[in-house]
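Novice: okay, predicted coordinates and the sequence, questions at the end:
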Amino acid sequence: MPAVLHYVDLTLPELQALDDTKTIFLLSVSPIEAHGPHLPVGTDVFIAQELQRRYVEQLTAKYPDYQLVLLPDLYCGSDALPVAGSLSVRGTALEAIILDYAKGLAKQGFKYLFLADNHGGPRHQMALYRASRRAWRRWRFSVISPFNLVFRYMVQHDTEFLEATGLVPGSCGDDADAHAGTNETSLLLAVDPAQVADQASIPASLPPAPKGLASLVYRLGTLFGKTDWGKDLRHLANTLAWVSEENMLPYMGDPAKATAAAGEAMLNARVDVAMELFAQALSGQLGPVGLGKPMLYWLSWLVRLPED
């Protein structure tokens, strides 16, 4: 068989002929979401698709005896920016879709589903995390979502990760560069520069000071210092401050500073993280606990709350 197959092209006998212990399924899952005036609403989708392409390239080279199977892309995600142009699904819906996909594959005897993703919405990441934990507990099936760990590295300025990218705080997808700023614009310049409008003319969007509830959450975060709770609460406060701003701009950061070289460095670093997680999963050393907990993982119950 070819090194890479498409699930929808396979007949039932062809599926049944696959070695269930040496078949890796890959799924690109990201929402359609507004990304400022200079990037398309498919930005997360396009970046996730490029990441998946690179995953396939690396996996094919590293594991030539494994069969790779691509599932159809899912153009959906939770907590898309609440502005015109964004299409968001409930966190419970996303969790159910991923869990049901995992169930369908696990019941056929398969072991692995690797996700390509580029969305940092809290309930989006929590939904993927919850689905991965439930799939492991029920069927010992591995759902690996590298961006949950990568996003924490970005927001919390992980030293090794920033060294690998050559990026600095304020341009690495952290709170000051949270959406369609330097980092994401750089990523799309590396993936498909024709999709980027004249970012040099876009003024920087600076994070507002937390007010009201956001200020309370931020102060609470300072009480927990450098713990996960403290870091996560400060991140949540900064996010709340931005999305609750009366005249919120649909981007955060400085797109004018974006370069294709910076995007390429970020893509390479993200693929390296993914390959480490995939290697651990394939060796049987990685359950959900080893995935790296996403931001606000301890608030994963929020996925169950109404989002209207």
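Specialist: On my side now, so go ahead.
Novice: for the rest of this, base every contact and every neighbour count on C-alpha atoms.
Specialist: Fine.
Novice: now Asn118, what's its secondary structure?
Specialist: Local secondary structure at Asn118 is given as coil here, using DSSP: H, G, I helix; E, B strand; the rest coil.
Novice: dump the residue contacts of it.
Specialist: The contact partners of Asn118, by C-alpha atoms under 8 Å, 6 or more residues apart in numbering, come to Ser30, Asp44, Val45, Ile47, Ala48, Phe147.
Novice: by mean pLDDT, which helix or strand of the chain comes out lowest?
Specialist: When the helices and strands of the chain are scored by mean pLDDT, DSSP states H and E, helix 228-243 comes last with a mean of 88.
Novice: biggest separation within the contacts of Asn118, which pair?
Specialist: Using C-alpha to C-alpha, those reach their maximum pairwise distance at Val45 and Phe147, which is 13.4 Å.
Novice: before we move on, the earlier item: the contacts of Asn118 into CSV, with extra columns for pLDDT?
Specialist: Formatted as CSV, the entries for the contacts of Asn118 read as follows, by pLDDT from 0 to 100:
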residue, pLDDT
Ser30, 98
Asp44, 98
Val45, 98
Ile47, 98
Ala48, 98
Phe147, 96
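Novice: now the residues you listed: which count as buried?
Specialist: Judged by neighbour count, with 16 or more other C-alpha atoms under 10 Å as the criterion, the buried members of the contacts of Asn118 are Ser30, Asp44, Val45, Ile47, Ala48, Phe147.
Novice: how many residues are close by Gln108?
Specialist: 11 (other C-alpha atoms under 10 Å).
Novice: for it, what are phi and psi?
Specialist: Note on Gln108: backbone dihedrals following degrees, to the nearest 10 are phi -90, psi 0.
Novice: from the contacts of Asn118, pick the one nearest Leu216.
Specialist: Within the set of the contacts of Asn118, Phe147 lies nearest Leu216; the separation is 28.3 Å, counting by C-alpha to C-alpha.
Novice: where does this protein have low pLDDT?
Specialist: Within the chain, the stretches falling below the threshold (pLDDT under 70) are 1-2, 286-292, 302-308.
Novice: how about the strands in the stretch 1-150 of the chain?
Specialist: For the stretch 1-150 of the chain, applying DSSP state E, counting those that start in this stretch gives strands covering 4-6, 23-28, 67-70, 112-116, 142-144.
Novice: touching the fourth one from outside, list them.
Specialist: By C-alpha under 8 Å, 6+ apart, the residues outside strand 112-116 that reach it are 23-29, 48-49, 51-52, 102, 141-147, 278, 281.
Novice: run the angle between that strand and strand 23-28 for me.
Specialist: For strand 112-116 against strand 23-28, the angle by axes from the mean of the first three to the mean of the last three C-alpha atoms, to 10 degrees is 20 degrees.
Novice: strand 112-116 pairs with which strands?
Specialist: Paired strands of strand 112-116, with direction, are strand 23-28 (parallel), strand 142-144 (parallel) (DSSP bridges).
Novice: chain center to it: distance?
Specialist: Strand 112-116 sits 12 Å away from the centroid of its parent chain (C-alpha atoms, centre = their mean, to the nearest Å).
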